[in-house]
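>>> Any chance you could fold what I've pasted below:
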Amino acid sequence: MLTPATLGDVPELTFRDATFTDVDVLVELIESAYRGDASRAGWTTEADLLAGQRTDPEGVREVITAPGSRLLVVERAGEIVACCQLQKREAYVYFGMFSVSPALQGAGVGKAVIAEAERIARAWGAAEIRMTVIRQREDLIAFYERRGFVRTGRFEPFPYGDERFGLPLRDDLEFAELTKAL
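This is a model prediction of the structure:
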């Protein structure tokens with residue numbers, strides 16, 4: 001499925017489902033948006049909270065093949081510039097693995113991706129969309145709140161000891177749940 005979208009000054013974006021041939025590019029995109037020095041070019045970096053990897057090829061393949069899951073790829077002029085996971089869960093859709101190229105953060109791409117994710121979730125019949133964000137990322141949570149998400153007051157522990165999700169640089173990390181009615 002290819003869906004074109006235009007938002008303000010953002011050149012036309014197309015949306016499609018990820019394939020296994022996209023895995024390496026998606027891992028690179030996700031890592032660049034959150035970890036290491038490359039992530040510091042954007043504002044979504046977690047480099048001060050976590051070292052190590054954010055994901056790996058196996059994790060991306062798992063999202064592509066999970067039941068009820070889609071890994072949405074966002075392209076601009078044939079180049080992958082963003083992605084997000086959508087997974088049907090009971091009466092809601094989980095929104096995760098959201099990444100925008102650091103060079104395009106702040107240019108409206110993220111807003112367009114969220115709008116498309118919400119459109120898909122509504123088409124699936126979901127009443128709400130949920131996500132988890134590292135609680136210490138107040139700037140990122142504020143971004144989602146400006147998009148209509150609200151904090152539920154529920155928290156999940158960070159998976160300390162599981163290096164697939166990174167190497168924590170502090171001992172108080174946890175995930176805050178956010179939700180948005182559709």
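
>>> What is the burial count for the nearest residue to residue 38 once chain neighbours are set aside?
Distances taken as C-beta to C-beta, 6 or more residues apart in numbering put residue 32 closest to residue 38, at 4.4 Å, once the chain neighbours are dropped. Backbone N, C-alpha and C define where each C-beta goes, glycine included. Residues lying near residue 32 (other C-beta atoms under 10 Å) number 21.

>>> What ranges does the chain have for its strands?
Taking DSSP state E, the strands of the chain run over residues 3-7, 10-17, 50-51, 69-76, 79-89, 92-100, 128-134, 150-157, 167-168, 174-181.

>>> winner for burial among the ones you listed?
strand 92-100 (a mean of 23; mean count of other C-beta atoms under 10 Å).

>>> got a list of contacts for that one?
With contact meaning C-beta atoms under 8 Å, 6 or more residues apart in numbering, strand 92-100 is reached by 29-30, 32-34, 42, 44, 55, 60, 63, 71, 81-87, 109-110, 113-114, 117, 120-121, 124, 126-132, 179.

>>> Any stretches of this protein with poor pLDDT?
1-11 (pLDDT under 70).

>>> 80 - rerun?
1-11, 36-39, 41-44 (pLDDT under 80).

>>> pull the longest helix from it.
helix 109-123 (DSSP state H).

>>> That one packs against which elements?
strand 3-7, strand 10-17, strand 69-76, strand 79-89, strand 92-100, strand 128-134 (3 or more C-beta pairs under 8 Å, 6 or more residues apart in numbering; DSSP states H and E).

>>> Run the angle between it and strand 10-17 for me.
40 degrees (axes from the mean of the first three to the mean of the last three C-alpha atoms, to 10 degrees).

>>> distance between helix 109-123 and the chain's centre?
Chain-centre distance of helix 109-123: 11 Å, with C-alpha atoms, centre = their mean, to the nearest Å.

>>> Give me the contacts around it.
With C-beta under 8 Å, 6+ apart as the criterion, helix 109-123 contacts 3, 5, 7, 10, 13, 15, 70, 72, 74, 76, 81-84, 86, 92-93, 95, 98, 100-101, 129, 143, 147, 180, 182.

>>> Report the contact partners of the nearest residue to residue 105 once chain neighbours are set aside.
When the adjacent residues along the chain are set aside, residue 105 lies closest to residue 42, with 3.8 Å between them (C-beta to C-beta, 6+ apart). Shown in contact with residue 42 (C-beta under 8 Å, 6+ apart): 33, 100-103, 105-106.
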